[in-house]
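**Student:** Turn this into a structure:
(2 chains)
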Amino acid sequence: MKNKLYNNFIIISLLILSSYLASCDKIEEPYKYPDFGYDSTGVETGKTITDTIGGKVILLEDYTGHTCVNCPKAHVKAHELLQTYGNKLIVMAVHQGTFAKPENSGDFTYDFRVLPSVDDWALTFGIKSYPAGMINRIKFNNGYSVGYTSWNSSITDIINEPPQVSIKITNIFNSTHNRYSSKIVTDFKNDLSGNYKLLVCILEDGIVKPQKNNDATIGGSVILDYVHNHVLRGVNSTWGIPIGTDNISAGTKIIKWVGLRTKADWIIKNLSVVALVYDAGDYHILQAAMAPLDIR
Amino acid sequence: MKKIISRTCNGFIVFLVFSSMYSRAQTIGGGQIHGNFQMDAQYYLKDSLIGAPDVPEKMLMNGFGNIIYTNGNFNAGLRYESYQNSMLGYPAYKGNGIPYRFASYTNDDLQITIGSFYDQFGSGMIFRTYEDRSLGYDNAMDGFRIKYKPYKGIELKGIIGNQRNYFSKGDGIVRGFDGDFFINDIFGFDEMKTKYTLGGSFVSKYQSSSDPTYKLPKNVGAYAGRLNITRSGFGLMGEYAYKINDPNASNNLIYKNGEGLFISTSYSQKGLGIILSAKRIDNMDFRSDRNASLNSLIINYLPALTKQHTYTLAAMYPYGTQSNGEFGYEGSIMYNIKKGSILGGKYGTKISLNYSLAQAIDKQKINDTIEINTSGTLGYKSDFFKLGDEKYFEDINIEISRKFSKNFKAILTYAYITYNKEIIEGHPGAPSIYANIGIADISYTINSTNTLRVEIQSLMAKQDEKDWAMLLLEYTIAPKWFFSIADLYNYNNPDTGKRFHYYNAALGFTKGTNRIALSYGKQREGITCVGGVCRAVPASNGILLTITSSF
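**Tutor:** Numbers count the residues shown, from 1 in each chain, chains lettered A, B, ... in the order given. Got it, this is the predicted structure:
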């Protein structure tokens, strides 16, 4: 009798315990949170660091991939150009295409891609070989794609052009909602006619992940602790938001607020916000600006 | 997450010592200590031709030792591991530590284990923790396990803990419960020839989330039910598993439920064995960390339905289970042709025929506008019984083993393997490989201690690195010595500059439970798989020393 009581007690205890195990969180649609809003109040955490005096700031988009053996050479070139042009140049590493696709096993399983935006861009701009670059999304020699050996000459062609737009970024952190937002002020300096859009991107520096390589001066064939810089992490939408259509007169100032979505594995102090104003007719970028997300 | 295991170990060793003293205090007395040890140390030579990297340390070493103390119903043990630094192919292991330590006792049909443990529910589709050193795989649990047998024929099991993640622990908490019910024993049908066993299990993992984009489930549950019937030489085993929404890095954050079905039947009688198995796996990658990748923090095990080849060229293109979607079938027939018959010869002949197929499952868009596998959606729809279009792997092979005389025996093997490299190795755009493989394994026993064995192997394919040949000579002086030389030659590589010889020479000495082996040679880059779980093997060139011992 004693034994039976003991057995029943153990079984009931196990059943009670197992009922705790039956904890499943069934998620119903929608699986995403509603569109991210912004907060216009909070603590200022970062301001524009690119040319704020009135010069032109160029965007170099480096289409790259972690299994692309020639890409580290382009990364080195981009780094050299940053040394040369300083706060007049922004480099954005866009991981896209075959060489950016994560592998199922081995060293290259990480997914850097910002899909579907980067694939849409590559399709639109005819990016087919890697590494490839784009300078301000302008066609050089009838194509957007520029080989890394020609990046400097393409930048030289346009860097002294007077800017038609200036951009100022102010990043805000609202602790109540635990949310970052960017205030972006676009100041049109000339009378313009066309459709203009604002694209906001988040970049991250210092991501340590493997990279294939074929340049012995940079490292071995697989560099396990490669430091990936200027990596595109997020974008407000593939083609941005409209900020002006048809006739815009000089002196027009447009203020836009954008809520910034960050992910748990991003390192906040390594993040930057990049704002681009471009002509939706031919995609060419009128001006670019960059601000660290949070320098506190 | 970054709990350093060794920090907890000092306390554990103290516990072990005191528990031993306590045992003596209880006048249990005696007890046994046993253990084993292994060390692999390789001296690396740079070989840029075959892609072997320069190793700055020149020599790398993996080693471990197990020590187990047993006394009556009590046992305790630990495993010390050392990676100085880890050998090529095991990059995530570094340093020294005691990642595995446990104590366990049984009292009145109740067994309690504290610390580390390996276990499995059913076929493992929702829970299996195990270690495979060749894969660098170890997903041991660290926590509590309780096993209890309340009545004859009923076995219950409960587990809770974190999983080992190299020298740290995973973020998630894994909880589980399992029961086996031996119907004949419970109802007293001991005399019945047909034996029935029912089983059921439930596993839930918890991991916090602060993702700003996706509503991620913190608790993900999976359950499984199984049935096993045996009668004389006949056996039937089936298990069905179900997992609720589990968006993770492996499935690209889709919210579809997971399912797994595994059925296997077998028949054996003297001289004949038949096994037929089938499975369907859909979105069943189950880990205690939703962001984990490769072989890290996997909670479950999805049985592989392909033959585990051991000959080098037959194992060159091994299959890795596709946990997020595959159909698998396997059939094997083993037949012994009688001694003294025309076909069987004087000593009899064994024939083994095996066929396996792994294919995609059906996947359809959930609507016209959402692409398959889009993050933040249900991902796809799938017709349970419909095969997908893509073949992942196929293997048809036959092995004939015959002893021709007292001194001479041979094993002949032929295999035709279809290998989808793009899916299995994740190389975009890589073509599927169709390989014809022939192997002759011939042994000649010179006298009671001296044996010469020769392996002649050929692999012919029109894809990848095309044709290979291998010759191995092995001389054994039982019971202490063995010597071998081998050459693996990629004689028809489409790149004539890559027609490499991967030669290897080895010798080994065994005395009692001690074994020392030394080899020098080149290792080609590839993958190795055990039971459908794979590891990338980097190219290397060097001298390997292996010492194993046990007491």
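**Student:** Right, and chain B sits closest to which residue of the stretch 51-200 of chain A?
**Tutor:** Nearest residue of the stretch 51-200 of chain A to chain B: A:Asn104, at 3.1 Å (CB to the nearest CB). The way it works is simple: take the backbone N, C-alpha and C, and place the C-beta from them, glycine included.
**Student:** which residues of the chain fall in helices?
**Tutor:** In the absence of a named chain, chain A is used. A:2-21, A:71-85, A:117-125, A:151-158 (DSSP state H).
**Student:** Chain B, not that one
**Tutor:** So, for chain B - with DSSP H - the helices run B:5-25, B:183-186, B:421-424.
**Student:** and the second one, what does it pack onto?
**Tutor:** If I follow you right, that is helix B:183-186. strand B:195-206 (3 or more CB pairs under 8 Å, 6 or more residues apart in numbering or on different chains; DSSP states H and E).
**Student:** Identify the spatial nearest neighbour of the residue in chain B that chain A sits nearest to, chain neighbours not counted.
**Tutor:** In chain B, the residue that lies nearest chain A is B:Gly426 (3.1 Å; CB to the nearest CB). When the adjacent residues along the chain are set aside, B:Gly426 lies closest to A:Asn104, with 3.1 Å between them (CB to CB, 6 or more residues apart in numbering or on different chains).
**Student:** Ends of stretch A:33-53, what's the gap?
**Tutor:** Distance between the two ends of stretch A:33-53: 39 Å, counting by CA to CA, to the nearest Å.
**Student:** swap in stretch A:40-53?
**Tutor:** Termini of stretch A:40-53 sit 25 Å apart (CA to CA).
**Student:** check contacts around residue 41.
**Tutor:** No chain in the question, so chain A it is. By CB atoms under 8 Å, 6 or more residues apart in numbering or on different chains, the residues touching A:Thr41 are A:172, A:174.
**Student:** Sorry, I should have been clearer: chain B.
**Tutor:** With CB under 8 Å, 6+ apart, B:Ala41 has these contacts: B:59-61, B:63, B:544-546.
**Student:** Name the nearest residue to B:Arg290, sequence neighbours excluded.
**Tutor:** B:Asn248 (3.9 Å).
**Student:** what's near enough to touch that neighbour?
**Tutor:** Residues counted as contacts of B:Asn248 (CB under 8 Å, 6+ apart) are B:285, B:287, B:290-292.
**Student:** What of A:Val258?
**Tutor:** Shown in contact with A:Val258 (CB under 8 Å, 6+ apart): A:38, A:181-182, A:184, A:200, A:236.
**Student:** Just the buried residues from those residues, in PyMOL please.
**Tutor:** To isolate the buried subset of the contacts of A:Val258 in PyMOL, counting by 16 or more other CB atoms under 10 Å in any protein chain shown, use the following:
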select buried, chain A and resi 38+181+182+184+200+236
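**Student:** Not counting residues beside it along the chain, what's closest to residue 74?
**Tutor:** Using chain A. A:Pro131 (3.6 Å).
**Student:** please go with chain B instead
**Tutor:** B:Tyr105 (4.5 Å).
**Student:** The one you found: how many residues sit nearby?
**Tutor:** Using other CB atoms under 10 Å in any protein chain shown, B:Tyr105 has 17 other residues around it.
**Student:** same thing with B:Lys338?
**Tutor:** Neighbours of B:Lys338 (other CB under 10 Å): 12.
**Student:** Okay, the closest residue to B:Met87 other than its chain neighbours and B:Ser82: tell me how far apart.
**Tutor:** Once flanking residues are discounted, B:Met87 sits nearest to B:Leu60: 4.5 Å by CB to CB, 6+ apart. Distance, B:Leu60 to B:Ser82, using CB to CB, to the nearest Å: 11 Å.
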